[in-house]
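Enquirer: just need the structure, nothing else, for what follows:
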Amino acid sequence: MPEFLEIDDLSVTFTGQGREVQAVRNVSLKVRERESYGLVGESGSGKSTILRAICGLAPMSGGAIRIGGVPVPTPRGRAFSAQVQMVFQDPYASLHPRHTIDRTLSEPLAIHGLRGSDDRVIRALKDVGLPANFRFRYPHQLSGGQRQRVAIARALMLKPKIMLLDEPTSALDASVQAEVLNLLTSLRDEHGLTFLMVSHDLAVIDHMCDRILVMQNGAAVEELSREDLAAARMKTEYARSLFEASADRFMEQGLQG
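Expert: Below you'll find the model as predicted:
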């Protein structure tokens with residue numbers, strides 16, 4: 001598979017109150033077309049900031065981002081939005097509380113001047129396992145898992161090639177997480193999507209991703225394949241400790257269940 005999303009020597013620096021904080025430091029990665037690539041690390045490791053930098057929501061202080069060999073424009077614009085969409089962590093915050101699901105899903109089409117919104121809204125809801133009559137509901141009438149399905153449907157409306165997933169299940173109940181992860185896997189296969197996914201949980205990443213990049217304090221620590229992760233073939237002590245902590249949490253959840 002060809003390299004599709006390329007990040008070279010990316011740095012992100014935030015400035016405020018007379019001081020600078022380098023949230024991402026010289027990170028490089030390459031994601032192949034239709035691959036699912038994971039970014040994993042503790043809170044504050046810079047993984048979500050990388051997703052925001054791709055979307056133009058975080059200030060790049062160095063490096064380059066390319067899609068299909070073409071540098072992403074600044075500002076990003078409509079062509080970028082048609083190619084790249086993001087699903088945020090919290091389905092309670094990412095949907096407008098006073099907009100119906102129909103309006104939420106139709107809005108990207110209206111912005112891009114696309115017709116046939118009724119059919120495309122119904123198709124998007126079907127793709128994420130929700131009935132057509134949900135289009136007339138409001139977010140407060142849906143469960144957390146249903147809201148995240150709507151957020152995923154919204155990301156699909158423009159038929160993007162790349163989906164950026166920022167902890168898409170961490171705000172959901174454990175019983176719902178697996179359903180949403182399985183849905184994302186099915187959508188990736190069905191629509192030929194490329195995923196760049198952020199998580200602090202190696203069990204989630206192992207379920208979803210072909211390769212992962214372990215991050216710590218804004219820097220890349222180690223890249224692992226799914227096979228490396230399954231066999232616990234980590235080269236760095238930090239990646240090994242992260243794996244062991246995630247395995248312990250998994251065992252605890254299993255015993256509690």
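Enquirer: give the contact list for Leu213.
Expert: Listed by CB atoms under 8 Å, 6 or more residues apart in numbering, the contact set of Leu213 reads Val27, Leu29, Tyr37, Gly38, Leu39, Val40, Ala220, Glu222, Glu223, Leu224. Bear in mind the C-beta positions are built from the backbone N, C-alpha and C, glycine included.
Enquirer: where in this protein is pLDDT low?
Expert: 1-2, 247-257 (pLDDT under 70).
Enquirer: now with 80?
Expert: 1-3, 201-203, 246-257 (pLDDT under 80).
Enquirer: how about the strands in it?
Expert: 3-16, 19-32, 36-40, 60-67, 70-71, 84-87, 162-166, 194-199, 211-216, 219-225 (DSSP state E).
Enquirer: closest one to Ser175 among the ones you listed?
Expert: Distance to Ser175, taken as CB to CB, is lowest for strand 194-199 among the strands of the chain, at 18.0 Å.
Enquirer: list the strands paired with the closest one, with their directions.
Expert: strand 36-40 (parallel), strand 162-166 (parallel) (DSSP bridges).
Enquirer: output it as CSV, restricted to C-alpha atoms.
Expert: Provided in CSV are the C-alpha atoms of strand 194-199 (Å, rounded to 0.1, in the frame of the first residue of the first chain):
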residue,chain,number,x,y,z
THR,A,194,-7.5,5.4,6.4
PHE,A,195,-7.5,5.8,10.2
LEU,A,196,-5.2,7.8,12.4
MET,A,197,-6.4,7.0,15.9
VAL,A,198,-5.4,8.3,19.4
SER,A,199,-5.8,6.3,22.6
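Enquirer: now do that strand: everything it contacts.
Expert: Here strand 194-199 has contacts from 4-5, 31-40, 47-48, 50-51, 54, 161-168, 170, 184, 188, 205, 208-209, using CB under 8 Å, 6+ apart.
Enquirer: ok, back up a step: now the contacts of Leu213: which count as buried?
Expert: Among the contacts of Leu213, those classed as buried by neighbour count (16 or more other CB atoms under 10 Å) are Val27, Leu29, Tyr37, Gly38, Leu39, Val40, Ala220, Glu222, Glu223, Leu224.
Enquirer: pretty sure the last one sits against Ala239.
Expert: Yes: distance between Leu224 and Ala239: 6.9 Å, which falls inside the contact criterion (CB atoms under 8 Å).
Enquirer: re earlier: and the buried ones among the contacts of Leu213, which two are furthest apart?
Expert: Val27 and Leu224 (15.3 Å).
Enquirer: how far away is the nearest residue to Leu10 once chain neighbours are set aside from Val198?
Expert: Nearest residue to Leu10 in three dimensions, chain neighbours excluded: Gly63, at 3.7 Å (CB to CB, 6 or more residues apart in numbering). Applying CB to CB, to the nearest Å, the value for Gly63 to Val198 is 18 Å.
Enquirer: so for these two, which residue has more residues nearby?
Expert: The neighbour count for Gly63 versus Val198, taken as other CB atoms under 10 Å, is higher for Val198 (25 against 16).
Enquirer: in the sheet, who's paired with that one?
Expert: Applying DSSP bridges, one finds that Val198 bridges with Leu39, Asp166.
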